[in-house]
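Colleague: got a structure for you, letters missing:
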């Protein structure tokens, strides 16, 4: 998380703020200097401290007490949970396991292909250089998934319906496609029930985690 926290800041297509400039801006703000001193002690605000502060905050962003947790699922969501867990139907629980609905592993789903059928982002392969990691990305948690559109690592799918249709099609074929990805057969009702179940994973988040009050 610490490494990820600083990447969007300097990324030219995101915040486009060089790390040195970011630290300079915060050091020039008396209120930030005061808060950083409380946490880290005396000394200038550095990118290392900024990374630690952001990552520490992100680790508090846990959602709970959802309809799924409270066992107050609707009839549709209950049917959707059965589709979710059935390997011959949704096959979702194969990767989206545990109470966080993720196995924490990396998988190639065939997402993010260009017009010629090539991967636009090599995923974990960019770090490991292991051929089987080509196009593989870590399974995200499905907690609050109904509120975290767009989907897939590149934001290419805009709705949960599009995600389900993508999996029904068996992803996009490529040499490293995960062996668990296969075409699915779901009725219109089963697809709607599955969406209802995914929406039941929307829970309560800690206080004071939204945009600051103006």
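Modeller: Received, thanks. Everything quoted here is computed from the prediction, not taken from an experiment. Residues are numbered from 1 along each chain as shown.

Colleague: show the pLDDT at residue 210.
Modeller: We have a pLDDT of 74 for residue 210.

Colleague: next one: it from residue 61, what distance?
Modeller: Using C-beta to C-beta, to the nearest Å, residue 210 is found at 11 Å from residue 61. (Each C-beta comes from the backbone N, C-alpha and C, glycine too.)

Colleague: these two - which one has more neighbours?
Modeller: residue 61 (11 against 7; other C-beta atoms under 10 Å).

Colleague: I'd assumed that one was in a strand, is it?
Modeller: No. Applying DSSP: H, G, I helix; E, B strand; the rest coil, one finds residue 61 to be coil, outside a strand.

Colleague: contacting residues for it?
Modeller: 205-206, 209 (C-beta atoms under 8 Å, 6 or more residues apart in numbering).

Colleague: now with 10 Å?
Modeller: Residues near residue 61 by C-beta atoms under 10 Å, 6 or more residues apart in numbering: 143-144, 205-206, 209.

Colleague: just the buried members of these?
Modeller: Using 16 or more other C-beta atoms under 10 Å as the burial test, the contacts of residue 61 include 143-144, 205 as buried.

Colleague: out of these, which one sits closest to residue 24?
Modeller: Using C-beta to C-beta, the shortest approach to residue 24 within these belongs to residue 205, at 32.1 Å.

Colleague: what about the residue lying closest to the closest one once chain neighbours are set aside, how many residues close to it?
Modeller: Among residues not flanking residue 205 along the chain, residue 63 sits closest, at 5.2 Å (C-beta to C-beta, 6 or more residues apart in numbering). Other residues lying near residue 63 total 18 when counted by other C-beta under 10 Å.

Colleague: one more: the one 10 residues further on?
Modeller: As a burial measure, residue 73 scores 17 neighbours (other C-beta under 10 Å).

Colleague: hang on, it packs against residue 197?
Modeller: Yes. Residue 73 is within contact range of residue 197, at 7.3 Å (criterion: C-beta atoms under 10 Å).
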